[in-house]
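J.: sequence plus predicted model, see below.
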Amino acid sequence: MHDAELILLAVTRHAREDVSLSVSAKLHNDEPMDELFKLGIKTRSFRLRFENTRQLVSNILVVADGKETIDDWRIVGDSEWVSRLIAVGFGQSGELTHYRIGFASGSSVDVVAEGVSIEEVPSESSYPV
């Protein structure tokens, strides 16, 4: 999801200590949509939802120049964070994945979660204010 404008970052606490992170974004008009099409997404606006989040670390520059853009999104292999969470009983091997989202400003969000899903967002009017 390279070169997508960040619309919203939201952390939601659900029942029984279940926490999810949602990242809503809109792919720039000059970017091809091939990767989104492969995932069944037909609009430029989408939401990533990290389910059963076990650790969330953010380094957000609040004085960014202009709109924030997702610059990089990847899975961190051989994650020290995942190993530490498993060691203290917050997950089992193969159950947790460490994701890293980097932004053009240098901001970043690291999340360790059980899974991630992507869904299309019909229009920006459906984002909460």
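T.: Yep, that arrived.
J.: make it CA atoms for all contacts and neighbour counts henceforth
T.: OK.
J.: so the residue most central in space within the chain is in which element?
T.: Centroid check for the chain by CA atoms, centre = their mean gives Val23 as the closest residue, at 4.7 Å. Under the criterion of DSSP states H and E, Val23 resides in strand 19-27.
J.: now do Phe46
T.: Here Phe46 is assigned to strand 45-59, by DSSP H and E.
J.: list the helices and strands that strand packs on?
T.: strand 19-27, strand 108-120 (3 or more CA pairs under 8 Å, 6 or more residues apart in numbering; DSSP states H and E).
J.: then the lowest-mean-pLDDT helix or strand in the chain to CSV, C-alphas only?
T.: In the chain, no helix or strand scores lower on mean pLDDT, DSSP states H and E than helix 34-38, which sits at a mean of 88. Output of helix 34-38 as CSV, limited to C-alpha atoms (Å, rounded to 0.1, in the frame of the first residue of the first chain):
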residue,chain,number,x,y,z
ASP,A,34,-3.6,-3.9,-9.4
GLU,A,35,-2.7,-4.9,-5.8
LEU,A,36,-6.0,-3.8,-4.5
PHE,A,37,-7.9,-5.6,-7.3
LYS,A,38,-6.1,-8.8,-6.3
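J.: flag the shaky bits of this structure, pLDDT-wise.
T.: Applying pLDDT under 70 to the chain flags the ranges 1-2, 63-65, 123-129.
J.: picking that back up, contacts for the least confident helix or strand of the chain?
T.: For helix 34-38, contacts defined as CA atoms under 8 Å, 6 or more residues apart in numbering pick out Lys42.
J.: gap between that helix and the chain center?
T.: Offset of helix 34-38 from its chain centre (CA atoms, centre = their mean, to the nearest Å): 17 Å.
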